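Asker: just a sequence and a predicted model for now, questions to come.
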Amino acid sequence: MNTVYVSDLDGTLLGDNAILSSFSQKILSELLYQGLQFTVASARSVVSMQVMLKGLNLHLPAIEFNGAFISDLDSGRHEIINSICPSVVESIYKLILEFGCVPFVSSFNGTEDCAYYKDIINDGMRWYLSDRLTSKDRRWRAIEDLTHSFEDRVVCLTVIGHAQELLELQSAIIERYETSVETHLMKTNILQDSIG
């Protein structure tokens, strides 16, 4: 039986500024050529992984969005989609609004990945959206009513705000859904925190 190696990206395979060093690129390329069974797992999307890992010949599917998608890195085609039940998406969305927050909605519409946004209510959201639009991420779409995105296969609701409000929101989600949904609270570089 062959061993398969799976690496996280940020803080593990990638160095500062989310860049794969030329040394790592060279060694990994040589090992992959020799038959190393290697892939990556990340909270990132396959779109950003394609940019960061350009030139690496990864044959195994990559795990993106913390397991929401298992995808072919070259084509971006999803082999497996672990979407959230539509009634749960609606319920969590209402809960997010009750906490005075607004999410970004990540989904697959049957043809392509989408990331929807409507109201940008804080500096953290503004920075996040600007960063994605500056990098020409083709998934991003403004939408008049975020609930229209629920017709897609929703895989993630990302909320950006201050730590205390996000901790309270996370507790409310866990209390209501226990282990049927997954939450991740991550500190960012911009004095805001995000829950996805």
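Answerer: Structure's in. What do you need?
Asker: give me the element S29 is part of.
Answerer: helix 22-33 (DSSP states H and E).
Asker: how far off centre is that helix?
Answerer: In terms of Cα atoms, centre = their mean, to the nearest Å, the centre of helix 22-33 is set 25 Å apart from its chain centre.
Asker: helix or strand right after that helix?
Answerer: strand 37-41.
Asker: tell me the average confidence for the next helix or strand after that following strand?
Answerer: Note on strand 37-41: by DSSP H and E, the next helix or strand toward the C-terminus is helix 46-52. The pLDDT scores in helix 46-52 average 88.
Asker: and stretch 153-162, by the same measure?
Answerer: 94.
Asker: what lies in contact with stretch 78-87?
Answerer: With Cβ atoms under 8 Å, 6 or more residues apart in numbering as the contact definition, stretch 78-87 has outside contacts at 61, 67-72, 92, 107-108, 150, 153-157, 181. Quick note: C-beta positions are derived from backbone N, CA and C, even for glycine.
Asker: select only the buried ones of those in ChimeraX?
Answerer: To isolate in ChimeraX the members of the contacts of stretch 78-87 that are buried, counting by 16 or more other Cβ atoms under 10 Å, one can use:
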select :61,68,69,70,71,92,107,108,150,153,154,155,156,157,181
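Asker: out of the contacts of stretch 78-87, list just those in helices.
Answerer: Within those, residues falling in helices by DSSP state H are I92.
Asker: picking up where we left off before, now the helix holding S29: buried residues?
Answerer: Buried, per 16+ other Cβ under 10 Å, within helix 22-33: L28, L32.
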